[in-house]
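Peer 1: Return atomic coordinates for the entry below.
(chains A and B)
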Amino acid sequence: MTREKILTRPNLSVEWFRNNTTTIGPIIFVIAVVAIFQVINPSFLSYQGIITLVYAMSYFLIAACGLTFVIMTGSFDFSVPNMLKLSALICVLYIEKIGLLVIPVALLVCLVFGFINGLLLARFRVPSFLATLGISIVLDGIAWYLSKGHLQIMQDVKFRSLTTTFIAGFPSILYWGIGIWIICTFLALATAFGRRTYAVGGNLEGAGLSDINVARQRIYVFMLSGFLSGLAGVLYMSQMGGGSVNIGADMAIPLFASVVAGGTALTGGVGGPHRTLLGVIIITWIQAGMSMLAIGNDIQMLTFGLIAIGMSIATIDRKRIKIVK
Amino acid sequence: MVMPMDDGLLEVREVSKTFDRVVHALNDVSIEARENEIVGVVGENGAGKSTLMKILVGVYSPDKGEMYHKGKKVPFPRNPKEAARRGISIVYQENGVIPWLKVYQFLFLGHEDKYIKLMKLQMDKMREQACSILEEFHVACNVESFMHELPLSTQKMVEIARAILGVRLESEDTDTTPIIILDEPTSPLTDDESKELFRDLLKMKKNASFIFISHIIPEVMEFTDRVHVLRDGNLVAQYDFSKQKMTEEDLFRAIVGRKSSEYISRTEEKKVAGRKVVLSAKNLTKSGHFYDVSFDLYKGTCMGFFGPAGSGKSQIIRTIAGLLNFDEGELKVKDQELKADELPHVRLARGIGYFSGETGKELFLNWSIAKNISIINMEKILGKIIPVIHFNAERKMAENIVKKLEIKAPGVGTDCYSLSGGNKQKVSVGKWLERNPDILLLDDPTIGIDVGAREDIYEVLLEMKKKGISMILVSDEPKEYSVLCDRIMFVREGRIQKVLGPEEFRKVMST
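Peer 2: A predicted model of the protein is given here:
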């Protein structure tokens, strides 16, 4: 009986805090980031500042949500930034030929590459780090081939209005981002698909014994990640109005950092897209805040590298992994 | 107090070890190794063999006990290096060999410092020494070949030679006889390779004493001089083969044996005639593990595969679950043939569920009880029109199970981490109770849990059987077979030896 008593005994506040660090940590982090930037730069939270922050985080949030599902299964998707780039370039290159049909085409291409990523991992047993890195380079090559390295400008007004129309004071990209985030959260927490994703990441062998087609689930997750990267690319192009093969360069580490900062551990099985929102806010707002203060790319990259490492240390469950490769 | 015997080289007395103050791994166990002999330590999985050996080489420290070396009382070693200084070394079951090293490199691995002259390794000297050492131990191999090129039995011999060499290089006094612990050395070897190994081992006896850990009875009978039998952490018997005549049956019973009073007569032999065959296997073979396994499983009955560890019984059940594939033969569910390489989820779709008692294998420990129960019952909690999880239905389902199985937990939202072993197991059984598969495979369903929880789980399983679920059982606990099974197949060395009913089984086990 004593055992049950111990179990039901209300936790001390310190203990409660320790048990919920992955939830509270990011919130405190966000408050700290906002406070620091607001003190240094009073226009950080002005209307114009907030619009800048919204532009910086929304497409990023969509890509990060896709990556979150992959990390939840304990894998990794390096190809997200280049998937985003290819999708954006397809839009700008072919909009004059096929009109708005470029959107489904771009999404389909990304979906296919996501499928290949998943297939490489699930069927050919290539570690996801390597498979997605390889595919990422392939995507880069395709992007170079299609664009010849030139800067492309998006001329189509309809396409651009997808994200730049203001509704209730905010650009429509915000509603895209939040909408996708809500759908992803719902998918993760309230559907069989989400349960199975957590299961594959939490206990791979157990998942196989629990009525889950592990290989198929992994492929689906990579397809979702590809699709959302593609969507992020489309919206990126619509928002920015142009770009070259440099789109998405240096995005891999901030993306990863934002997922991990939200509380989705690299070990898989915990966290989720609902947490990624906070991570994205932390990372993109630091990025935007630094840009507003004219802090260079060098310091920014350095910061994100350190945040990514720090957050990995904070969130990985070291009790569960025996060997790190 | 009895003085240690004259030829006693190493002796430990009344060693006890508990883990987490709960699990009694060893209870007052005393064993002894004499000069130039092979002494066996045998027992089922979990009997405490490995724990005892780890104490001897200083990986674990015992809670209590004494150690004597050549009649002198000495403290237990604190680490393997210290054990080596006293002359004790171990050759582990697996992963001892580094395949891409040459034989002489591997032989001196970790002792290179003794062959350094002017910052340079003296390769020639190492090679020469390696040759003479291998010759001394009658190991026939080329010191220049890579480890992975050698046959497995020779690799083992080189490992053993390395262990003896390590003792010689480390030990304090030079004329100590090395004591080498062999932890199930034959498990990766084929029969022929094992025989080869033993032939060499007998020649090495004049250089060292061996403590030989095994659960394979024939080899223990043939090659050891004396044997200690461990069961559930207790020393239950010791035999001196030079003085006592024993049969394999005697030793087998000493290893698994229970007193007949422990058997509860619960099952009546059911009439098989008229029942439907739900699963049938014909000449099922996976080379290296089991051969020509054929059986019919009837609806609502339970069949057990019984045999010592390493007999292939667990491989059989894992093959049926889809965790291993088979090489030859046929497996049919209700006249539908199953492919050899189907994964567990495909087998489950055909009605074959797999329940393992190993905690953490099929539970998601950081999930709540409710989620663990619902994961294999998804379609019951998804909405009919929109496939969304209905959390109310999920909770109710879990609450039913928790109430029915009397799972002790504050609520269905409790993480499985915080449950006791028995309650974790009940959650596992509970989800299968809810799922209601045609066939349920039980792989050691009550391993490591206390008697009360065990009885509860038997009750649920018997109830499921009554409902018409067919079962296949594999266990290390003979009692379990007589409680649950209608037919018991004896498996030895991968082959079915005989088929018994529960009554006959009880008779065999209690005589």
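Peer 1: Let me see the ranges of the helices in the stretch 51-200 of chain A.
Peer 2: A:80-98, A:102-122, A:128-147, A:157-164, A:172-190, A:192-202 (DSSP state H, counting those that start in this stretch).
Peer 1: pull the CA atoms of the fifth one into CSV?
Peer 2: Coordinates of the C-alpha atoms in helix A:172-190 are reproduced here as CSV (Å, rounded to 0.1, in the frame of the first residue of the first chain):
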residue,chain,number,x,y,z
SER,A,172,-1.9,35.5,-44.8
ILE,A,173,1.4,33.6,-44.4
LEU,A,174,0.7,33.6,-40.6
TYR,A,175,-2.6,31.8,-41.2
TRP,A,176,-0.9,29.3,-43.4
GLY,A,177,1.7,28.6,-40.7
ILE,A,178,-0.7,28.4,-37.8
GLY,A,179,-3.2,26.4,-39.8
ILE,A,180,-0.6,23.8,-40.8
TRP,A,181,0.7,23.8,-37.2
ILE,A,182,-2.8,23.0,-35.9
ILE,A,183,-3.3,20.3,-38.5
CYS,A,184,0.0,18.7,-37.6
THR,A,185,-0.7,18.9,-33.9
PHE,A,186,-4.0,17.2,-34.4
LEU,A,187,-2.4,14.6,-36.6
ALA,A,188,0.2,13.8,-33.9
LEU,A,189,-2.0,13.8,-30.9
ALA,A,190,-5.5,12.6,-32.1
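Peer 1: between that helix and helix A:157-164, how many degrees?
Peer 2: 60 degrees (axes from the mean of the first three to the mean of the last three C-alpha atoms, to 10 degrees).
Peer 1: Off-centre distance for helix A:172-190?
Peer 2: A distance of 12 Å separates the centroid of the chain from that of helix A:172-190, by C-alpha atoms, centre = their mean, to the nearest Å.
Peer 1: do the same with the second one
Peer 2: Taking the mean of its C-alpha atoms, helix A:102-122 sits 16 Å from the chain's own mean (C-alpha atoms, centre = their mean).
Peer 1: cool, the third one as well?
Peer 2: With C-alpha atoms, centre = their mean as the basis, the distance from the averaged C-alpha position of helix A:128-147 to the chain average is 18 Å.
Peer 1: Show me what that helix is packed against.
Peer 2: The helices and strands touching helix A:128-147, judged by 3 or more C-beta pairs under 8 Å, 6 or more residues apart in numbering or on different chains; DSSP states H and E, are helix A:80-98, helix A:102-122. Any C-beta I mention is one placed from the backbone N, CA and C, and that applies to glycine too.
Peer 1: ok, back up a step: so for A:Leu61, which of the helices of the stretch 51-200 of chain A sits nearest?
Peer 2: Across those, A:Leu61 has its closest neighbour in helix A:172-190 (4.4 Å, C-beta to C-beta).
Peer 1: could you give the angle of that closest one to helix A:192-202?
Peer 2: Using the same axes, to 10 degrees: helix A:172-190 against helix A:192-202 is 70 degrees.
Peer 1: Give me the mean pLDDT for helix A:172-190.
Peer 2: Mean pLDDT, helix A:172-190: 96.
Peer 1: quick one: buried residues of that helix?
Peer 2: Using 16 or more other C-beta atoms under 10 Å in any protein chain shown as the burial criterion, the residues of helix A:172-190 that qualify are A:172-174, A:176-178, A:180-181, A:184-185, A:187-188, A:190.
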